[in-house]
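Chemist: structural data only, the sequence is not supplied:
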C-alpha cells in the first residue's frame, strides 16, 4: 500500500496517509497504522491456499483495503462520527467536503492498485475481470449501505431484508477479495466463483458478529456503540421483533418510536433481547454462514495447510479477532 503512495505528494495524500494511520495531523510519521480489514486477508489466504504463495495477490489485497477505507471515510461523514478509531475523523478535522474528496481518492486508488496485478504476471484479461469484480462489489456495498441507512427509518425490517442488505454491504467486498486471490493464483473461473461465494458468506458472518458486539460488547459487558442509539436494525433486534411475545414486541416498538433513544432505552433493549435469546440465535447464524463458506470450497484443489488457514480465518471472524 505504501508503494502506491510513494510518488504521490500533496494535501490530498496527506489526508489519506493520516486516515490510514501513517502520519499525524501535522504529517509526522506515526507507528499506529490502521489494522487490515479482514477481507484484505482473504485475498492473501485464498491465493496461498491455491498456489502455496500469497505474493501474487498483494495488489488485490491492497486494492480491497483502500476501497474499504473509502467506505470508512464516507461512513464517518454519514454517521457524523467525530472519531475514527484512535484519532479524529477526517471530516471532523478538515470538514465533510474534504472528507468526501478523500474518500473518492481512496476509491480511485483502490481501482488502480487492483490493476497492479499485471505487474505480478496476471494476464490482462484476468486483471480486467478483477477490476470489474471490484467495481461490482463497490456498487453492491453502496446499495447495502443505502438499505442499512433506510432501515433506520423503518420499524419493521424482516430477516430476509437484513440478509440481503449484509450480502451487499459486507459480503460483496469480501467475496471480491477471495475471488481476486483465487484469480491471482492462476486458477480457472469455476474456482473463482467458489471462492467468491466463500468470501461472501464469511463477510456476512463478520457483519453479524459486529451486530452482537455492538449490543453486548466484545466481552459481553453490555457496552454499546452509537449505532444502537441511531436505531440501526441489527440481526438480534430483528430476531426479537419476529419471535418475541406480543408484550415484548410492544415494548420494543415503544422504544423505537421515540424520536431519540437514550442510554436507558438501550439497556432495556438488551434486556428484552436477552429474554428472546437473540444473541445466541445470531451467533448460531454466523456459525452457519462460516460452515456454508467452507462447504462451498468442496472440490477446489487446495493444500491441506491452505484449507486450515481459511478455516482458521473463519473462526477468527466468529471470535472477533479480525
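Modeler: Perfect, thanks for sending it. Please read these numbers as outputs of a predicted model, since none were measured by experiment.

Chemist: what is the burial count for residue 315?
Modeler: As a burial measure, the neighbour count of residue 315 was computed by other Cβ atoms under 10 Å and equals 13. All C-beta atoms are positioned from the backbone trio N, CA, C, and that covers glycine.

Chemist: what's it in contact with, if anything?
Modeler: Listed by Cβ atoms under 8 Å, 6 or more residues apart in numbering, the contact set of residue 315 reads residue 290.

Chemist: could you say which helix or strand holds it?
Modeler: Secondary-structure assignment from DSSP states H and E places residue 315 in helix 304-319.

Chemist: and that helix, how far from the chain's centre?
Modeler: Relative to the chain's own centre, helix 304-319 is displaced by 17 Å; criterion: Cα atoms, centre = their mean, to the nearest Å.

Chemist: next, the buried residues of that helix.
Modeler: 306, 309, 310, 313, 314, 317, 318 (16 or more other Cβ atoms under 10 Å).

Chemist: the nearest residue to the fifth one once chain neighbours are set aside and residue 101: what is the separation?
Modeler: If you skip the residues right next to it in sequence, residue 314 has residue 290 as its closest partner in space, 4.2 Å away by Cβ to Cβ, 6 or more residues apart in numbering. As judged by Cβ to Cβ, to the nearest Å, residue 290 and residue 101 stand 37 Å apart.

Chemist: neighbour count for those two, which is higher?
Modeler: residue 290 (24 against 16).

Chemist: report pLDDT for the more buried one.
Modeler: As summarised for this prediction, residue 290 has a pLDDT of 97.

Chemist: same thing with residue 303?
Modeler: For residue 303, the pLDDT comes out at 86.

Chemist: quick check: it vs residue 60, distance?
Modeler: Taken as Cβ to Cβ, the spacing of residue 303 relative to residue 60 amounts to 20 Å.

Chemist: quick one, which of the two is more surrounded?
Modeler: Ranked by neighbour count (other Cβ under 10 Å), residue 303 and residue 60 place residue 60 first, with 35 against 13.

Chemist: what pLDDT does the model give the more buried one?
Modeler: 97.

Chemist: and residue 232, by the same measure?
Modeler: In this prediction, residue 232 has a pLDDT value of 79.

Chemist: return the distance of the residue lying farthest from the centre of the chain relative to residue 215.
Modeler: Most distant residue from the mean C-alpha position of the chain: residue 247, 34.9 Å away (Cα atoms, centre = their mean). Residue 247 sits 21 Å away from residue 215, taking Cβ to Cβ as the criterion.

Chemist: what helix or strand is the residue farthest from the centre of the chain on?
Modeler: Assigned by DSSP H and E, residue 247 belongs to helix 246-256.

Chemist: so which elements touch that helix?
Modeler: helix 235-243, helix 263-276 (3 or more Cβ pairs under 8 Å, 6 or more residues apart in numbering; DSSP states H and E).
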